[in-house]
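*Asks:* Predicted model and sequence follow; I will ask about them next.
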Amino acid sequence: MTQHFTTRGDVGALFMPAVRSPWREVMRQRWGATQDLALVLREAGGQFQVMWPQGRQAGSAPRAFGGYDAAWYVQVTEQPGALPIRLPDEHGPPLPVTVHALWYVHDPVQVVLTQTAYGWDVVRTDLEQRLRELQADYAAAARHLDAAEITRHLAVTREIGDRGLAYRVIDVRTRAGDSEVLLAPSGGGGFPSAWSANSREEYDFCLYALRRGPVSLAALWLSRQPDQVKDVLDWTVHNRALLKEKSGWQDDMAGLLGALSEEERRELAKLLRDRLVSLGRGMPVEEEPPPDWNGWESGDGHP
């Protein structure tokens, strides 16, 4: 099956008024109707009759001259629909999948009475609600909802009685998607409700900032909430230990040397120099300052 997302542009209106007089439409439906249209007839008293395509009529067909004052044609063939969603994943970002469904009109009269021009809009809304309820049930039971479980629960035909529609889920497959319905929770460490390519880039950036530690997190918070600069500054003052950057061996060595006395530094420098010479490393010749070296002379400013 070709993967696609159903929109209004993909299908025509679900019903349309008949262009001929009702009795002529009855005769046309009886002798030359297509298999995808049902004829809905309204009697003068307000009752409705349905004339299904050949081979699908249950009971006797409406009479041609039954005092009808209006007629409509309704699409009754099964039509595909595809709903992109993201399923919660225990080990990473929500998994993009597509829920494929087949839907159709099971009560043409209700379609006309409710003026349901686009059936997929109704089916999609109902399907989204059922998916959210299913995810909530699984989360409450601490269970993981996957594609197989969705298919198992939603494969049975569901009728939307007040709109005259019915549908069933036939497949749930992984895909690469853009923006879709999110079943993962929106709070408590969840992901944005609209998970697009830009959202995934933001997620990767936030993950990088988190791994860098409190300094990056404080900077990230300040970039998103510039009006809270005072709160961020107060936090940094009270959490200096957390914000101290991790030092390398060079910083550790500089700190150690700074704690030594002058004599200890000279002794350490001599040991290090002798060791490097023994290893064959060329070292510059150390020149001793003249005995009367006292820094800058007070005369002409030259040493």
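*Replies:* Looks like it came in fine. Numbering: from 1, shown residues only.
*Asks:* Give me the below-cutoff pLDDT ranges for this structure.
*Replies:* Residue ranges of the chain with pLDDT under 70: 1-12, 32-33, 55-61, 176-205, 207-213, 240-255, 257, 281-303.
*Asks:* repeat that with 90
*Replies:* The chain contains residues with pLDDT under 90 at 1-39, 43-71, 76-77, 85-97, 117-118, 139, 142-147, 161, 174-303.
*Asks:* Pull out the CA atoms of the host helix or strand of Lys230 and give them to me as PDB.
*Replies:* Lys230 belongs to helix 229-238 when elements are defined using DSSP states H and E. Extracted in PDB, the C-alpha atoms of helix 229-238 (Å, rounded to 0.1, in the frame of the first residue of the first chain):
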ATOM      1  CA  VAL A 229      18.500  37.500  34.200                       C
ATOM      2  CA  LYS A 230      18.400  38.500  37.900                       C
ATOM      3  CA  ASP A 231      17.200  35.100  39.000                       C
ATOM      4  CA  VAL A 232      19.900  33.400  36.900                       C
ATOM      5  CA  LEU A 233      22.600  35.700  38.400                       C
ATOM      6  CA  ASP A 234      21.400  35.000  41.900                       C
ATOM      7  CA  TRP A 235      21.500  31.300  41.200                       C
ATOM      8  CA  THR A 236      25.100  31.500  39.900                       C
ATOM      9  CA  VAL A 237      26.200  33.400  43.000                       C
ATOM     10  CA  HIS A 238      24.700  30.700  45.400                       C
END
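*Asks:* So which bits of that helix are buried?
*Replies:* By 16 or more other Cβ atoms under 10 Å, the buried positions in helix 229-238 come out as Trp235. Every residue, glycine included, has its C-beta placed from N, CA and C.
*Asks:* Then stretch 133-143?
*Replies:* Buried positions in stretch 133-143, judged by neighbour count with 16+ other Cβ under 10 Å: Leu134, Gln135, Tyr138.
*Asks:* Which strands and helices lie in contact with the helix holding Lys230?
*Replies:* Secondary-structure packing of helix 229-238 (3 or more Cβ pairs under 8 Å, 6 or more residues apart in numbering; DSSP states H and E): helix 214-224.
*Asks:* elements contacting the helix it packs on?
*Replies:* Using 3+ Cβ pairs under 8 Å, 6+ apart: helix 214-224 touches helix 197-212, helix 229-238, helix 240-243.
*Asks:* Now do that helix against helix 229-238, angle only.
*Replies:* Orientation note: helix 214-224 sits at an angle of 170 degrees relative to helix 229-238 (axes from the mean of the first three to the mean of the last three Cα atoms, to 10 degrees).
*Asks:* ok, back up a step: among the buried residues of stretch 133-143, which are located in strands?
*Replies:* Of the buried residues of stretch 133-143, none are assigned to strands by DSSP state E.
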